[in-house]
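K.L.:
my questions concern the predicted model and sequence given below.
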Amino acid sequence: MTASETLYERALKHIPWGTQTNAKRPILEYSGTMPYFIERAKGCRFWDVDGDEYIDYRLSLGPVILGYGYPSVDAAVKEQLEKGVLFSMASPVEIELAEAISRIVPSMEMVRFGKNGVDANASNLRIARAYSGKDKMIRCGYNGYHDWFSTGISGNGVPRSLADYVYEVRYGDVEQVESILKRDASSISCILSSPYDFNEDISGDYPRALRKLADEYGVILIFDEVLTGFRLSIGGAQEYFGVRPDLSSFAKAVANGFPLSVFGGKRKHMQKLNDFVITATYAGEALSIAAAIATLKVMEKEKVHEHIYKMGRRLMDGFTAIAKRVGVEVKIGGFPVASYFLFDYKDADKNKKLHVELNRELYKERVFVYDRWFMSFSHKEADIDLTLERFERALKKAVKD
């Protein structure tokens, strides 16, 4: 057994799943190849507990936008640590970050902080319901684990009655959203949706259609930018697609891996918080706020997004050339900052089997990825080229096996 697998057995005795995050649970199909525990990380690489070095394209599920241990971010955190982590009243750094976000994301006239994306989504939902005086919502995609976002799953502790207040829709299905609004808009407080679901449609037509429908039927539009924010562009998907929501939820890339989320939007909606309480002891934790301020400064000063798009395109072009040389039917798409490589045969089972085999071989080649190839500012041309060398070897073995 590897050191990772030994630790996993030990973890299961005291930690359900053996980890804190669903997406970080070991996948048994990759047993013997996938590292389960990571010891340390720097730049675009990490080292697992067995001492193996990987080029990382998962980036802690997306938050690490600049790279692990980015010097100016770490320096800002260390400086703040000398001053303190959590105080008995607010810290000035809260104002500095709020002002920066409002400048960078024009729809965010007022903001508040949390720790996870689900905190932001749940808070925005509360604001929308309180402001509108209406209880129902239309939601799309994964918005977190809170009751309102988990009504379609049985046996998970969510009261069945909540399902009467939630309409779940498919991403991109404008007709489904409009049909719901036509018959029940008077009871619907908001539409909550990711502006992009990291799949094929990169046009922005869906978020634009949601904006139009929200205006037409008088409901609040909330963008879940937990993944898209500060990744598709510095101003998120709303900047990239040119669509302003009423409220937004940000997390992940805002602080380069430090735990922070941001919710906010139009002043008229956010001032509703003066009428009721949403509060959390650790929302003003200063280290993560200092990390976010430093991260945004790098994004504004350096050509971060130009670079990650360039590296992503280099990777995608390499995938295309390799697939042609190897002679496999594939689908390569998404935005270069988080692209995908999928097998595209008519046989779905064959596609799934090949995907598993490819990932197993990539782990053996010390390339870490799962569904999407996230880019960071620390990925350089040499890293991409080395990845493509390893990818071609892995693909040939996966197809041969």
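P.N.:
Yep, it's here. Just so it is clear, the model here is predicted, and its values are computed rather than measured.
K.L.:
which neighbouring elements make contact with the lengthiest helix in the chain?
P.N.:
Secondary structure of the chain read by DSSP state H shows that its longest helix is helix 304-326. Packing partners of helix 304-326 (3 or more Cβ pairs under 8 Å, 6 or more residues apart in numbering; DSSP states H and E): strand 330-333, strand 338-343, helix 381-400. (C-beta placed from N, C-alpha, C; glycine too.)
K.L.:
just want the angle from it to helix 381-400.
P.N.:
Orientation check (axes from the mean of the first three to the mean of the last three Cα atoms, to 10 degrees): helix 304-326 against helix 381-400 gives 30 degrees.
K.L.:
as CSV, the helices and strands packed on helix 304-326 with distance to R126 would be great.
P.N.:
Conversion of the helices and strands packed on helix 304-326 to CSV gives the following (distance: least, Cβ to Cβ, whole Å):
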stretch, distance to R126
strand 330-333, 36
strand 338-343, 29
helix 381-400, 42
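K.L.:
what's the closest of those to Y68?
P.N.:
Comparing the helices and strands packed on helix 304-326 against Y68 with Cβ to Cβ, the closest turns out to be helix 381-400 (12.9 Å).
K.L.:
how about that closest one as PDB, C-alpha atoms only?
P.N.:
Output for helix 381-400, consisting of C-alpha atoms alone and laid out as PDB, is shown next (Å, rounded to 0.1, in the frame of the first residue of the first chain):
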ATOM      1  CA  GLU A 381       5.100  27.300 -21.300                       C
ATOM      2  CA  ALA A 382       7.600  24.700 -20.100                       C
ATOM      3  CA  ASP A 383       5.000  23.200 -17.700                       C
ATOM      4  CA  ILE A 384       2.500  23.000 -20.500                       C
ATOM      5  CA  ASP A 385       4.900  21.400 -22.900                       C
ATOM      6  CA  LEU A 386       6.000  18.900 -20.400                       C
ATOM      7  CA  THR A 387       2.400  18.100 -19.600                       C
ATOM      8  CA  LEU A 388       1.700  17.500 -23.300                       C
ATOM      9  CA  GLU A 389       4.600  15.100 -23.500                       C
ATOM     10  CA  ARG A 390       3.200  13.100 -20.600                       C
ATOM     11  CA  PHE A 391      -0.300  13.400 -21.900                       C
ATOM     12  CA  GLU A 392       0.600  11.900 -25.200                       C
ATOM     13  CA  ARG A 393       2.200   8.900 -23.500                       C
ATOM     14  CA  ALA A 394      -0.700   8.500 -21.200                       C
ATOM     15  CA  LEU A 395      -3.300   8.700 -24.100                       C
ATOM     16  CA  LYS A 396      -1.400   6.100 -26.100                       C
ATOM     17  CA  LYS A 397      -1.300   3.700 -23.100                       C
ATOM     18  CA  ALA A 398      -5.000   4.300 -22.300                       C
ATOM     19  CA  VAL A 399      -6.200   3.600 -25.800                       C
ATOM     20  CA  LYS A 400      -3.900   0.600 -26.200                       C
END
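K.L.:
now do it: which elements does it pack against?
P.N.:
strand 53-56, helix 304-326, helix 348-364, strand 367-368.
K.L.:
single out the most deeply packed of the ones you listed.
P.N.:
The densest packing among the helices and strands packed on helix 381-400, expressed as mean neighbour count by mean count of other Cβ atoms under 10 Å, is seen in strand 367-368 with a mean of 21.
K.L.:
who's in contact with L210?
P.N.:
Going by Cβ atoms under 8 Å, 6 or more residues apart in numbering, L210 touches V174, V177, I191, S193, L221, V243.
K.L.:
make TSV from the helices and strands packed on helix 381-400 and add mean pLDDT and distance to E79 to it.
P.N.:
As requested, the helices and strands packed on helix 381-400 are arranged in TSV below (pLDDT from 0 to 100; distance: least, Cβ to Cβ, whole Å):
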stretch	mean pLDDT	distance to E79
strand 53-56	98	27
helix 304-326	98	22
helix 348-364	97	38
strand 367-368	98	31
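K.L.:
as CSV, these with distance to V73 would be great.
P.N.:
CSV is the format used below for the helices and strands packed on helix 381-400 (distance: least, Cβ to Cβ, whole Å):
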stretch, distance to V73
strand 53-56, 17
helix 304-326, 12
helix 348-364, 28
strand 367-368, 21
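K.L.:
follow-up on the earlier one: wait, which of the helices and strands packed on helix 304-326 is closest to V304?
P.N.:
strand 338-343 (14.3 Å).
K.L.:
what's the closest one in contact with?
P.N.:
The list of residues contacting strand 338-343 from outside it, by Cβ under 8 Å, 6+ apart, reads 62, 198-199, 227, 231, 312, 315-316, 319, 323, 328-334, 350-351, 354-355, 358, 371-375.
K.L.:
can you give me the end-to-end distance of stretch 244-259?
P.N.:
Stretch 244-259 has an end-to-end distance of 25 Å (criterion: Cα to Cα, to the nearest Å).
K.L.:
so which residues of the stretch 201-350 of the chain form helices?
P.N.:
Counting by DSSP state H, counting those that start in this stretch, the stretch 201-350 of the chain forms helices over residues 205-217, 236-241, 267-270, 286-301, 304-326, 348-364, given from the N-terminal end onward.
K.L.:
looking at these, which is closest to S72?
P.N.:
Distances from S72 to each of those were compared using Cβ to Cβ; the minimum, 5.4 Å, belongs to helix 286-301.
K.L.:
so how far is the closest one off the chain centroid?
P.N.:
Relative to its parent chain, helix 286-301 has a centroid offset of 18 Å by Cα atoms, centre = their mean, to the nearest Å.
K.L.:
contacts only, for P195.
P.N.:
For P195, the residues meeting the contact criterion (Cβ under 8 Å, 6+ apart) are 204, 206-207, 223-225, 228, 236-238, 241, 243, 245.
K.L.:
pull out the buried positions in stretch 61-71.
P.N.:
Of the residues in stretch 61-71, those scored as buried under the neighbour-count criterion (16 or more other Cβ atoms under 10 Å) are L61, G62, P63, V64, I65, L66, G67, Y68, Y70.
K.L.:
should've said stretch 162-174
P.N.:
When neighbours are counted by 16+ other Cβ under 10 Å, the buried residues of stretch 162-174 are found to be Y165, V166, Y167, V169, G172.
K.L.:
pull the contacting residues for the fourth one.
P.N.:
V169 sits next to I138, R139, C140, Q176, V177, I180, S193 when contact means Cβ under 8 Å, 6+ apart.
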